[in-house]
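Novice: Generate a structure from the sequence data that follows.
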Amino acid sequence: MVIQRWQTVMLLIAGVMMGIFSFCSLGQIQTADYTFNVTALGIFREGIATAPDEATGIRTIFLFIVSILGCILPLIDMFCFKNMNLQKKVALISALFCVAAGVIAAFSASGFASDFGVSVGWSTFICAPLVALIADILAYRLISGDQKKLRAADRLR
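Specialist: Predicted coordinates:
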């Protein structure tokens with residue numbers, strides 16, 4: 001029996017989207033004096049500091065770690081096809097990391113922007129965790145479907 005491996009495609013999409021989220025600019029915060037760039041590594045002021053007391057931004061290394069785990073886990077999960085139960089568990093954990101990365105990014109940038117009384121101008125890459133979450137859920141459903149097909153084929157033998 002041939003099983004279509006569409007879950008591999010979904011897991012690849014999830015990994016690539018979280019990789020994009022980890023390394024691309026997620027948005028801009030424009031204040032009266034500065035422009036801040038929002039990335040998974042932190043919120044950094046663009047330009048050169050001219051005074052020691054100027055706002056420099058914050059580091060969000062925890063967001064970077066969560067987003068990298070959300071990137072690596074689906075890519076590893078593609079090669080766990082011999083153990084479908086493990087593959088399903090890793091897909092769910094990867095989906096949780098996608099949700100966590102999106103929520104942490106939104107709250108940290110919005111909280112930082114509210115300190116200055118402005119809002120965040122989001123990039124389209126902020127939607128990457130949502131796309132990765134959908135891809136992880138689809139992969140989970142496809143893996144479950146393959147398990148059902150294999151059980152049905154085993155009953156016929």
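
Novice: Past the helix or strand of the chain with the lowest mean pLDDT, which element shows up next along the chain?
Specialist: In the chain, the helix or strand scored least confidently by mean pLDDT, DSSP states H and E is strand 57-59, which has a mean of 83. Following strand 57-59 in sequence order, the next helix or strand is helix 61-77 (DSSP states H and E).

Novice: okay, the angle between the host helix or strand of Ile104 and helix 61-77?
Specialist: For Ile104, the host element (DSSP H and E) is helix 84-116. Helix 84-116 runs at 160 degrees relative to helix 61-77, counting by axes from the mean of the first three to the mean of the last three CA atoms, to 10 degrees.

Novice: residue ranges with poor pLDDT in the chain?
Specialist: Filtered on pLDDT under 70, the chain yields the residue ranges 1-4, 49-55, 157.

Novice: Confirm Ile48 sits in a helix?
Specialist: No - assessed with DSSP: H, G, I helix; E, B strand; the rest coil, Ile48 is coil; it does not lie in a helix.

Novice: Please give the number of neighbouring residues around it.
Specialist: Ile48 has 5 neighbours, counted by other CB atoms under 10 Å. Quick note: C-beta positions are derived from backbone N, CA and C, even for glycine.
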